[in-house]
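K.L.:
Below is the structure, and that's it, no one-letter string:
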């Protein structure tokens, strides 16, 4: 399979992760991903940064969860971190190793969560990270680089990271910043392009 982007140990594939995963899983140490939650986040126009995204309100990527793809991805990685894991309890095994990202900013006019949860199989106690709600508007549900970098710090021996729901590429940016190899898969080409541009900028600050 021909990569959409490949440079400095970072590889992006454009396609459906369920079709791409069988070709790229070998050698993956860590799954770190933020799959769609099925909450129609972009269409709801939750706040201005979402409304400003190019794909609002036509987006369909978050109309439903992707349980089969999440289960497939978790099965191939020794270590796994799945943001929004609380939406995937039907396909993820019980775990005491949950992560929580606490968002310090107050939201007004809409019901957005004060924190998000991440399922893991790390075998560690629950952990909490405080970080700003977002540090970019390239994707309606874009995670801060600081949050994904924190996740990587909890798996220091993982050298190759997989994100099959890559979005705008934050997981890959964090992996590049920490000198790791990473594979990203994204079904929408526009986000592949955005991720490739972000990665071409070199090491990014942990804002």
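P.N.:
Looks like it came in fine. Bear in mind that the values here come from a model prediction, so they are computed numbers and not experimental data.
K.L.:
next SSE after the helix-or-strand element of the chain with minimal mean pLDDT?
P.N.:
Of all helical and strand segments in the chain, the minimum by mean pLDDT, DSSP states H and E falls on helix 48-51, at a mean of 44. Of the helices and strands lying after helix 48-51 in sequence (DSSP states H and E), the nearest is helix 67-76.
K.L.:
how much distance is there from that next one to the middle of the chain?
P.N.:
Once both centres are worked out by Cα atoms, centre = their mean, to the nearest Å, helix 67-76 turns out to sit 14 Å from its chain's centre.
K.L.:
Tell me the helices and strands packed up against it.
P.N.:
helix 17-24, strand 30-33, strand 79-83 (3 or more Cβ pairs under 8 Å, 6 or more residues apart in numbering; DSSP states H and E). The C-beta positions use only the backbone N, C-alpha and C, and glycine is treated the same way.
K.L.:
For residue 98, find the nearest of the ones you listed.
P.N.:
Proximity to residue 98, assessed across the helices and strands packed on helix 67-76 by Cβ to Cβ, is greatest for strand 79-83 (10.0 Å).
K.L.:
What residue, apart from its backbone neighbours, is nearest residue 160 spatially?
P.N.:
residue 181 (4.4 Å; Cβ to Cβ, 6 or more residues apart in numbering).
K.L.:
What of residue 169?
P.N.:
Nearest one to residue 169, counting by Cβ to Cβ, 6+ apart, is residue 195 at 2.7 Å.
K.L.:
helix or strand for the one you found, which one?
P.N.:
Assigned by DSSP H and E, residue 195 falls in helix 189-199.
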